[in-house]
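**Student:** Sequence and predicted model, in that order:
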Amino acid sequence: METENLSEARRTQSRETQTDYRPQGQVPRLCQANLFTLLSLWMERFPRETSEDHDPVVRPCGLVVVRGGRVRGLHVSGPLLHVGQEAVLRHGGAGLEGSQLYFSRRPCSACLKMVVNAGVIQVFFWPGDPEVSVLSGRGADRSPAPGPGVGPSPEALLDLGAVERLRAGGGPPVVVALRPLAPGLPQYVDLKARTSDFMERVQEDQPEQDGDELFRRQRRSHLQELSRAFLIPCEREHRAVLELLGLEAFCQDPDLSTLRSSMLQLVELLASVSAGLPLLHHGFYCAASPRDPAPPAWLSKESPDVAPRGPVPPPVSQAVARHCIIQATLLAFRTEDPKVGVGAVIWAQAELDGGDGTGRLYLVGCGYNAYPVGSQYAQYPQLDTKHPDRGRTKYRYIIHAEQNALTFRSREVCPGQRLLLFVTKCPCDECVPLIRAAGVTHVFTSDQDAGKDKGDISYLLFRGPIGPSRLTWQKRPLL
Ligand SMILES: O=c1ccn([C@H]2C[C@H](O)[C@@H](COP(=O)(O)OP(=O)(O)OP(=O)(O)O)O2)c(=O)[nH]1
């Protein structure tokens, strides 16, 4: 019965994703809680660059630190540290005080005691298998109900008890944050991922390839992989896990079905976004792209501080670059621009590996395009270049994704460190000087609009001598 429900949900979803969905009016947005939850799940999937021995009972875990509604940290557990320990180490008590944490699993006691002690005000978690797994102790048949010999390991039971005591001890609420998605959002995300500049480039370079079919195949395989990590296929088994986590309120229908369908929807959304960047023959490369427009005449004289042209080794692997641009893509779904979402994430590269799952990288800031902080809905013009009255267009009011990422950065960068910007749309002429002055050394982006001058917004400078190395999404160059 359960499997039938799930397969029916999937069939319905894949039918929906095949329709010619077109958004009407204002585009649907991700709410904050779902964005942070998605980022935490995605952080758990941060590519592992080294093979590590890991304890089969302790599962990798992603974490998003939020303060004042802004992302202050993106973390994942690593070979040395659990993710909560990592956050306390990086932000310190003062940095975590008053913040909200979004974990991709219910944190173990080692994490929880440290973050509670640091003064966080809320801990949100994904209601699947917790960080100290209650499922990995089961036999190969993954028997549904806990029973002699097939229940959680003694380690997991001890941890469950300790977490319950910490939860009951008067600290911050430790709760589930999922919200139903805005109507039309799954279809909108699917459409955006399938028709993104990244997918367009793949189709342009491989015209023999059926783009829709490639997208569907990719989506299916990402969905399988993500479902294995984050969902519990058997309803009975999920109920048993929720009971063990003290989430009895979710154990009866309709709450259980609602919870399970919200979880499935978010995982599907992640699968769609992920399918929009197939690494198969593409990646982020410095090599000049055939679509590169010639720089404007007044920029064509090379200045002495121009970064070297031509192929230079990228500072991170393609898998990591793809991971970070997907973070930016998720942020873009919270845009306040009625038409186009842009997301930006800035990571710095330290000299030494910090012992967590992101290795030498640490988050500096992230953002999406939106009206100035504190503005009311429709307070400012929302029209685009197609409107003849320039006084009624949005361009003088919207803060760009890169501008928000730089304004609300959570860390300063040590001089000499690499600063990597991942942005879903080619930076415009208003942002390029800012990016350069902020010391960004590498920009990973798409070619969307590169070389265009649309009047109130133009994209001419990015291809000129801006300083940072430009890595755009293109076919792997032949070496
Ligand atoms: O570096 C950039 C460039 C643009 N934007 C945002 C600002 C604005 O919200 C939107 C502008 O998008 P676009 O250039 O596509 O203009 P449009 O008028 O919305 O669309 P069209 O391409 O139809 O002219 O993108 C950024 O966040 N960062």
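**Tutor:** Yep, it's here.
**Student:** For the rest of this, base every contact and every neighbour count on C-alpha atoms.
**Tutor:** Fine.
**Student:** Run through the bridge partners of residue 103.
**Tutor:** residue 63, residue 125 (DSSP bridges).
**Student:** What distance do you get for it to residue 47?
**Tutor:** Distance from residue 103 to residue 47, counting by Cα to Cα, to the nearest Å: 18 Å.
**Student:** same question, residue 180
**Tutor:** Going from residue 180 to residue 47 by Cα to Cα gives 29 Å.
**Student:** Report pLDDT for residue 368.
**Tutor:** Per-residue confidence (pLDDT) for residue 368: 97.
**Student:** What about it, how many residues nearby?
**Tutor:** 29 (other Cα atoms under 10 Å).
**Student:** Residue 281 too?
**Tutor:** By other Cα under 10 Å, the residues close to residue 281 number 12.
**Student:** Residue 455 now?
**Tutor:** 8.
**Student:** Quick check, it in contact with residue 387.
**Tutor:** No. Using Cα atoms under 8 Å, residue 455 makes no contact with residue 387, being 11.4 Å away.
**Student:** tell me the contacts of the residue positioned nearest the centre of the chain?
**Tutor:** The residue lying closest to the centre of the chain (Cα atoms, centre = their mean) is residue 327, at 2.8 Å. By Cα atoms under 8 Å, 6 or more residues apart in numbering, the contact list for residue 327 reads 39, 42, 343, 345.
**Student:** Spatially, which two of those residues are the most separated?
**Tutor:** Greatest spatial distance in the contacts of residue 327: 42 and 343, 15.2 Å, computed using Cα to Cα.
**Student:** Break down the chain into its helices, ranges please.
**Tutor:** For the chain, applying DSSP state H gives helices covering 2-17, 32-44, 83-96, 109-117, 154-168, 185-194, 197-205, 211-230, 235-244, 255-275, 318-332, 401-407, 432-437.
**Student:** And these: which comes nearest residue 284?
**Tutor:** Ranking the helices of the chain by proximity to residue 284 (Cα to Cα) places helix 318-332 first, at 6.8 Å.
**Student:** Can you pull the residues of the stretch 301-450 of the chain lying near the ligand?
**Tutor:** Contact residues, the stretch 301-450 of the chain versus the ligand (Cα under 6 Å from any ligand atom): 337, 339-340, 342, 369, 384-385, 398, 400-402, 426-428, 431.
**Student:** Might one say that residue 467 is in contact with residue 443?
**Tutor:** No. Between residue 467 and residue 443 there is no contact under Cα under 8 Å: 10.0 Å.
**Student:** For this protein, which helix or strand comes out least confident on mean pLDDT?
**Tutor:** helix 2-17 (a mean of 39; mean pLDDT, DSSP states H and E).
**Student:** which sections of the stretch 1-150 of the chain are below the confidence cut-off?
**Tutor:** Where the stretch 1-150 of the chain drops to pLDDT under 70, the residues are 1-25, 50-54, 137-150.
**Student:** try 90 this time
**Tutor:** 1-27, 48-57, 79-80, 136-150 (pLDDT under 90).
**Student:** and residue 335, how far is that from residue 391?
**Tutor:** From residue 335 to residue 391 the distance is 22 Å (Cα to Cα).
**Student:** So for those two, which residue has more residues nearby?
**Tutor:** residue 335 (24 against 11).
**Student:** Apart from its neighbours in sequence, what residue is nearest that one?
**Tutor:** Closest residue to residue 335 apart from its sequence neighbours, by Cα to Cα, 6 or more residues apart in numbering: residue 341 at 4.9 Å.
**Student:** related to what we said a few turns ago, looking at the helices of the chain, spot the one closest to residue 375.
**Tutor:** Of the helices of the chain, nearest to residue 375 by Cα to Cα is helix 401-407, at 14.6 Å.
**Student:** Low-confidence regions, the stretch 301-450 of the chain specifically.
**Tutor:** Residue ranges of the stretch 301-450 of the chain with pLDDT under 90: 301-315, 338, 350-356, 375-395, 411-416, 447-448.
**Student:** Going by residue numbers, what spans are strands in it?
**Tutor:** Ranges of strands in the stretch 301-450 of the chain, per DSSP state E, counting those that start in this stretch, are 343-349, 361-368, 418-423, 442-445.
**Student:** who touches the residue nearest to residue 335 in this structure?
**Tutor:** 332, 333, 334, 335, 368, 369.
**Student:** For residue 351, see how far away the residue of the stretch 251-400 of the chain found nearest the ligand is.
**Tutor:** The ligand sits closest to residue 400 of the stretch 251-400 of the chain, with a gap of 3.3 Å, by Cα to the nearest ligand atom. Separation of residue 400 from residue 351 (Cα to Cα) stands at 30 Å.
**Student:** The two: who's more crowded?
**Tutor:** More crowded of residue 400 and residue 351, by other Cα under 10 Å: residue 400, with 26 against 12.
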